[in-house]
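Task: produce atomic coordinates for the following.
(one chain, ligands or ions: 1)
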Amino acid sequence: MVDSEQIGNNAENTAGQADMLNKLKQSLKSGNALNVSAKEGEASNGGNAIGGQGGNNGKKRVTNVGHKVVGSDVELDTLRQLYLPKDPTDRIVHDDGTVSFIHAKSFLPVRMLRASERQRILVTGGAGFVGSHLVDRLMLMGHEVIVMDNFFTGTKTNVQHWIGHPHFDLVRHDVVDPFMIEVNQIYHLACPASPPHYQYNPTKTVKTSVMGTINMLGLAKRTKARFLLTSTSEVYGDPEEHPQKETYWGHVNPIGPRACYDEGKRIAETLTYSYMRQNDVDVRVARIFNTFGPRMSPADGRVVSNFIIQALKGEQLTIYGDGQQTRSFQYVHDLVDGLILLMNKNFTEPVNLGNPEEYSITDFAEMIRNRVSPETPIKNLPATMDDPKKRKPDVTRAITYLGWRPAFSVQQGLEETIECMDPMQLLMHQNTMYDDDFDQDDQDFNSPKRPGRKPMPTSAAARKAQNREAQRAFRERKERHLKDMEETVKKLRTDRRATLRQRDAYKSRAEQLRIQNWYLKGLILTLQLVCMQHKVVIPPHSPFLNEDALCEIAKVVAPEVIESYVKAASPSGITKGDVELPVKPEPTTSNDAIYIDEDMAPDSPYSPAPRMEPNWQTQQHKGTNVKQEDNNISTTDFNNSASEQQPPRQVNLAAIQHIKLKIAMDEFFTSTQSPTTGMQPTILQLAVTHDPRIDLVPTAYMRDRMILFQDLYDIDELVETLVQGAAFMGGDPTDKMCWLVPRELVTKYWYLASASHDLNVIGSPKAQARLAAIRNNESNMVAHMSVPISPRADMGHQNSNRREYFESIPPINSLSPMDSMSPSNQSFYPQQNNYPLPPR
Ligand SMILES: O=C(O)[C@H]1O[C@H](OP(=O)(O)OP(=O)(O)OC[C@H]2O[C@@H](n3ccc(=O)[nH]c3=O)[C@H](O)[C@@H]2O)[C@H](O)[C@@H](O)[C@@H]1O
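Next comes the predicted model:
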């Protein structure tokens, strides 16, 4: 269990790690943090080496590596360019999490070799830690290199700086499977080398060692290539001889956890020499001792990378066992030198390649701790099984036959390795697949989960459980996604239906407007023709003719025209004497004022100035009380006498009525598509000046009468009665037969109706049939039965209004016969039934 205090401390540690690493790097460059005492020309082995043959005492700081004799010599700085961490220049990482790769690439210069000197070299495992350094050197030497790797422990990043080079090829291939290629040399490195890696899948490790080596030896046999096997110090097992010479046969537990690797390499050596003896394959065998250097993965699990990372992160250094076991560590460039020398020298016996600088693991841990972070604690964990107690190479053979000895001190190698640790990689390196090797108590971090693949559990059961969990999560995600999709589709369908409905409504409205437009154009044309016929000059269009305009018009038209206009606009319709030009109304702030258009309001900045409405727009209406409430305009108290004192109102009743009538008429004409000849102006309309509202009364007969008797009635009251009470029964709206009007209209304004028509209509079978149909709600006519003209009546109200309206009508046979044409004779009208009659 990790206690909460420790978690808190660890969280702080994590936050400061990036800073800490950067500081370390900085100070490392200036040689301070690690207390590095190794200077050029100064002997140094850190004082911890157990010493031995070929020790590093007195070693100079290395600046050049390789051997001229085989052409592998190169400056260390050149190699450093290939592995020192730097910002990648071949890509641009974008803020949205995408990356653009740039193809333009420059490579380090490689040696120019004659064709006869240039070798085609296959490096199996060439993308791994050791393999990639070998590839760098072979490339710089001017050879053609083919890297084969299955990327189990290797990465493309290790060799990416050569990808695209004409001398370089990269093949993703598992060496367990046969591979055909024409080559001159084969460096066979492919096999995981770190104990946690090779013990992860022991069977695969054995297959890789055995089948991989057979495949490569077969290839060498066929192509007559020279074959170099990278064997290991592990073939000596837990050695009883110290230091280990190549002649020592080893001490290996064939059934232990390390056997897959130890025995695999031993059989690989057996196979190599079998092919040599049996098939004349030109072979080399290198027995590699513990090696470290740049490009070691933070997840490698071997002691050098583990200790460096732990020290850099301020974690406990983990020593397996008592720490008295020894190892000899060599820097990777020395190993690569040895491998190239071995390949190119004529020596077929196995050769140890290692640095005899020997350390106990405890000493090595303290050395790294003291040089990186002295406060870092060291912790002992249980020993791993079959862990060799000591290991140190006898490199006499390498010195004698190859002229090779390790050049790098462990200190210099460590400096370079630490310098090359990528801080980002270190921070990412938490909870690796090997965490299970440690007790839970030893987990320094309870780090937040990182996105991406989970670490691979070590046990098969845990892997299965992880797979099951992943599959379940995937299923759930899929189901959620499908559900979301279904809902989206449903919503889109609903939206589509609504949009289609709206589109249809717009279409039909557009069609109505088109017809209305056509009709209005026709009307204007007709009016123009009439005006031409009667030599009337049409004044320019203006919603309100002001004083100036009227004076202007008066210059070109007869004075009677102006007089007519003013007369029509005056409330009484009577002018006294000379023409009375309308006066400009006083601006009002009364709440009762109704402005048809906001722009026409006196206060509006858009109001045309000077502007003067005709008087009829601002008159006070006798007996009429118009209120504006919730946009509803109600007219009440028709019968109030003129004597009743009403406060003066700036009410535009005439304009409102005009608009109501106009809207209603538009509706009729667009819905019924009836012929409109009935709306053509009558002779009286053309000849006699009259209130413009009369022009909107649908029946010509009624219009004429209204003009004739316009001095006898109150136009406002009459129009209001029509607007509120007239009902359209369908058919041609200009046909008086198609209208029902309020009873009041017939009784009060009897002179506007025709008694003979009344008789004819009521007594006619046609009227009876119509009314019967209306009452029974059967006729198609009912479907487009119209309604009170009032624009307030929407469709929803129309039906109920209509029903109530016609239900109040008695059966036709109960009506009293009209026995007189006299308007004064009230028996002429169905008194008791109180039902309205259509206008004549
Ligand atoms: O590096 C190498 O060249 C060699 O590494 C391994 O050999 P081994 O000596 O077991 O390598 P490490 O895992 O680095 O272990 C070295 C010693 O350090 C100890 N160790 C390792 C890791 C750690 O965190 N703590 C720790 O005490 C191990 O128990 C062992 O005693 C491989 O088995 C060899 O094939 C290979 O040649």
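
my guess is His188 contacts Ile214, does it?
No - His188 lies out of contact with Ile214 (C-beta atoms under 8 Å); the separation is 10.7 Å. Glycine gets a C-beta too; all of them are placed from N, C-alpha and C.

ok, Val557 to Cys531 distance?
In this view, Val557 and Cys531 are 11 Å apart by C-beta to C-beta, to the nearest Å.

Quick check: neighbours shared by the two?
Both Val557 and Cys531 are contacted by Val537, under the criterion C-beta atoms under 8 Å, 6 or more residues apart in numbering.

In terms of packing, which of His188 and Ile214 has more residues around it?
When His188 and Ile214 are compared for neighbours, His188 comes out ahead with 29 against 19, by other C-beta atoms under 10 Å.

Report the closest residue of the stretch 1-150 of the chain relative to the ligand.
With C-beta to the nearest ligand atom, the shortest gap between the stretch 1-150 of the chain and the ligand falls at Val130, namely 8.4 Å.

hang on, I meant the stretch 101-250 of the chain
For the stretch 101-250 of the chain, C-beta to the nearest ligand atom, closest residue to the ligand: Thr232, 3.8 Å.

ok, now which ones touch the nearest residue to that residue once chain neighbours are set aside?
Distances taken as C-beta to C-beta, 6 or more residues apart in numbering place Lys265 nearest to Thr232, at 5.0 Å, with adjacent residues excluded. Shown in contact with Lys265 (C-beta under 8 Å, 6+ apart): 191, 209, 231-232, 234-235.

Farthest pair within these?
Cys191 and Val235 (12.8 Å; C-beta to C-beta).

who's more crowded, the two?
A direct count of neighbours by other C-beta under 10 Å for Cys191 and Val235 places Cys191 higher, at 27 against 24.

mind checking the SS state of the more buried one?
Cys191 carries the three-state label coil when classified by DSSP: H, G, I helix; E, B strand; the rest coil.

residues in contact with it?
Cys191 touches 125, 198, 205, 208-209, 212, 230, 261, 264-265, counting by C-beta under 8 Å, 6+ apart.

That one and Arg111: what is the separation?
Distance, Cys191 to Arg111, using C-beta to C-beta: 30 Å.

Any chance of the contacts of Lys265 in CSV with pLDDT as columns?
Output for these, formatted as CSV (pLDDT from 0 to 100):
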residue, pLDDT
Cys191, 97
Ser209, 97
Ser231, 98
Thr232, 98
Glu234, 97
Val235, 97
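
Which of the residues you listed fall in strands?
231-232 (DSSP state E).

can you list the contacts of Cys191 in a markdown table and add distance to Tyr401?
A markdown table is the format used below for the contacts of Cys191 (distance: C-beta to C-beta, whole Å):
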| residue | distance to Tyr401 |
| --- | --- |
| Gly125 | 25 |
| Tyr198 | 29 |
| Thr205 | 30 |
| Thr208 | 29 |
| Ser209 | 25 |
| Gly212 | 27 |
| Thr230 | 17 |
| Tyr261 | 26 |
| Gly264 | 26 |
| Lys265 | 21 |
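
In strands only, show me these.
Thr230.

And the contacts of Cys191, which is closest to Asn64?
The closest of the contacts of Cys191 to Asn64 turns out to be Thr230 (C-beta to C-beta; 24.1 Å).

Which residue is the nearest non-sequential neighbour of that closest one?
Of all residues not flanking Thr230 in the chain, Leu189 sits nearest, at 4.7 Å (C-beta to C-beta, 6+ apart).

what does Gln185 give?
Going by C-beta to C-beta, 6+ apart, Gln185 has Ile121 as its nearest residue, at 4.5 Å.

Could you pull up phi and psi at that neighbour?
phi -120, psi 130 (degrees, to the nearest 10).

Quick one: residues contacting it.
So Ile121 contacts 138, 143-146, 183-187 (C-beta under 8 Å, 6+ apart).

can you redo these as TSV with secondary structure and neighbour count?
TSV is the format used below for those (DSSP: H, G, I helix; E, B strand; the rest coil; neighbours: other C-beta atoms under 10 Å):
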residue	secondary structure	neighbour count
Leu138	helix	28
His143	coil	22
Glu144	strand	19
Val145	strand	27
Ile146	strand	21
Val183	coil	20
Asn184	coil	16
Gln185	strand	23
Ile186	strand	27
Tyr187	strand	29
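
got a markdown table for those, with pLDDT too?
What follows is the contacts of Ile121, written out as a markdown table (pLDDT from 0 to 100):
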| residue | pLDDT |
| --- | --- |
| Leu138 | 98 |
| His143 | 97 |
| Glu144 | 97 |
| Val145 | 98 |
| Ile146 | 98 |
| Val183 | 97 |
| Asn184 | 97 |
| Gln185 | 98 |
| Ile186 | 98 |
| Tyr187 | 98 |
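
right, and out of these, which lies closest to His690?
Nearest to His690, judged by C-beta to C-beta, of the contacts of Ile121 is Ile146 at 106.6 Å.

contacting residues around the closest one?
120-123, 126, 169-171, 181, 183.

again, but for His534
His534 sits in contact with Leu686, where contact means C-beta under 8 Å, 6+ apart.

so how far is Leu523 from it?
16 Å.

helices and strands around the top helix by length along the chain, which ones?
In the chain, with assignment by DSSP state H, the single longest helix is helix 460-533. Contacts defined by 3 or more C-beta pairs under 8 Å, 6 or more residues apart in numbering; DSSP states H and E place helix 460-533 against helix 653-672.
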